[in-house]
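*Asks:* Sequence isn't available, so here's the structure alone:
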């Protein structure tokens, strides 16, 4: 689990989480968003993305499992060839801004594989939350 304080209201934070076209702007490893279902972020809706590093690209999708705006959003991301992941965002008021918690768990993956992937996933998600924060509430210079 990762969390971060953002100097913005839960509604403002959730507005970015609810914008499927912007995920490549802050999700580490997302190269581009190819399309977004018109009813995003309704349960069952998807956005189609390309992920990768350098010249390696994989086309996949992420689907909404549940939404409770502006409090939570749960997604299921396909991550071929590894499998799938359940990603949950929780947003709550926190000291004049918001506290955002991000939890990601690999689905149907052996425990030994999950343990191998947990540290890099945690580091990736910490950076993703920093990017999210900087988009929602850009630092003042």
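*Replies:* Everything's here; your move. This structure is a prediction, so every number in the text was calculated from the model and none was measured.
*Asks:* quick one: average pLDDT of whatever helix or strand residue 135 lives in?
*Replies:* Using DSSP states H and E, residue 135 sits within helix 111-136. If you average the pLDDT over helix 111-136, you get 93.
*Asks:* Only the buried residues of it, if you could.
*Replies:* The neighbour-count check on helix 111-136 (16 or more other Cβ atoms under 10 Å) flags 117, 121, 124-125, 128-129, 132-133, 135-136 as buried. For every residue, glycine as well, the C-beta is placed using N, CA and C.
*Asks:* helices or strands up against it?
*Replies:* Secondary-structure packing of helix 111-136 (3 or more Cβ pairs under 8 Å, 6 or more residues apart in numbering; DSSP states H and E): strand 2-6, helix 10-17, helix 23-26, strand 97-107.
*Asks:* Format these as CSV; extra columns: mean neighbour count, mean pLDDT and distance to residue 79.
*Replies:* As requested, the helices and strands packed on helix 111-136 are exported to CSV (neighbours: other Cβ atoms under 10 Å; pLDDT from 0 to 100; distance: least, Cβ to Cβ, whole Å):
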stretch, mean neighbour count, mean pLDDT, distance to residue 79
strand 2-6, 18, 97, 17
helix 10-17, 19, 97, 19
helix 23-26, 18, 95, 14
strand 97-107, 18, 96, 8
